[in-house]
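**Student:** Dropping the sequence and predicted coords here.
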Amino acid sequence: EYAKAMARFDEAATILEEGAASGIADVGTVASAMLYVNTNRRNVYMDGGDFLAARALAEQGLEAAEAIGNADQHLEARFDLGWCDFYTGRWRSAYKGLTHTLQLARFLGDQGRETITRAWLGILLASAGDHETALAQGKEALSMALARGDRRAELYAQLALADTYIATTNRESEARYHTNQALAVTVALRYERGEVECRLRLAHLSAQSGDIMELRDAASRSLVLAERLGARHLEAFAHYWLAETWQREADLPQAQQEAETREKRRPGGRGESKPEGSTEEVL
């Protein structure tokens, strides 16, 4: 319920501003609290696909966190910057940002953020074609997530491994396994946004295998969920796979006709008479 959530964040910001104006709360307390309000605002923007607005808030959050020495929100802002850069195609910047976030998280002993950052590095590297490193990051993230019982990090670690195997030749079974494992996590958590991401990957896999019915089902389900959530970037991916479905269905009659023509031309095929006394005719 993103619209309602944003309204509540606006109310929280108003309370903080009134508290500062009336002297009830000191400037430092208000600044610290506003960090968390704006972090949640940008989470809404990111979930909705407005990565430019989210990135602007992340940059502000990074500066504010550094100013008051809030290491937790400093890491959160750095991670969000990397996420935004990934989705807007600034992959070099995303890689640098996520790598720096990983180093800081390890230095501070923040295993939760280390795990989720490794998972997203795996997703980024799989997209960029560095499959070996993506696989290493995904496996490490999954191991850490399972050890800590961190279901959200487990979800994205599974997706990192799925993306790596999707992009690797002859690894469809592994890709399906990790995609379905991720889907099971989203169902357990009732996390519909994550479910969309899983079903989009199923659409990709079905397109690779040529299963048009599965492709249509995965793309249609993704679209319904994305539209309901208002996740515009995921909605765009769903439309892409639906268009792919329609294109393949349109090409299907022609492909069938060509196959039938090849069958007729094949020696002994349908529509071609067999010579008298042939072995096939006797049998």
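**Tutor:** Structure received.
**Student:** what's the spacing between residue 228 and residue 177?
**Tutor:** 28 Å (CB to CB, to the nearest Å). The C-beta positions use only the backbone N, C-alpha and C, and glycine is treated the same way.
**Student:** who's more crowded, these two?
**Tutor:** Neighbour count, other CB atoms under 10 Å: between residue 228 and residue 177, residue 177 has more, with 15 against 11.
**Student:** what about the more buried one, helix or strand, and which?
**Tutor:** Element membership for residue 177, per DSSP states H and E: helix 172-189.
**Student:** With residue 118 instead?
**Tutor:** Counting by DSSP H and E, the element that carries residue 118 is helix 111-128.
**Student:** who does that helix touch, helix- and strand-wise?
**Tutor:** helix 71-87, helix 91-108, helix 131-148, helix 151-166 (3 or more CB pairs under 8 Å, 6 or more residues apart in numbering; DSSP states H and E).
**Student:** out of these, deepest packed?
**Tutor:** helix 151-166 (a mean of 25; mean count of other CB atoms under 10 Å).
**Student:** Pull that helix out as CSV, backbone CA atoms only.
**Tutor:** In CSV, the C-alpha atoms belonging to helix 151-166 read as follows (Å, rounded to 0.1, in the frame of the first residue of the first chain):
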residue,chain,number,x,y,z
ARG,A,151,15.0,-15.0,4.5
ARG,A,152,15.1,-11.7,2.5
ALA,A,153,18.9,-12.2,1.9
GLU,A,154,18.2,-15.8,1.0
LEU,A,155,15.7,-14.7,-1.6
TYR,A,156,18.1,-12.4,-3.4
ALA,A,157,21.0,-14.9,-3.1
GLN,A,158,18.8,-17.5,-4.8
LEU,A,159,18.0,-15.0,-7.5
ALA,A,160,21.7,-14.2,-8.0
LEU,A,161,22.4,-17.9,-8.6
ALA,A,162,19.3,-18.2,-10.8
ASP,A,163,20.5,-15.3,-13.0
THR,A,164,23.9,-16.7,-13.3
TYR,A,165,22.6,-20.1,-14.4
ILE,A,166,20.1,-18.5,-16.8
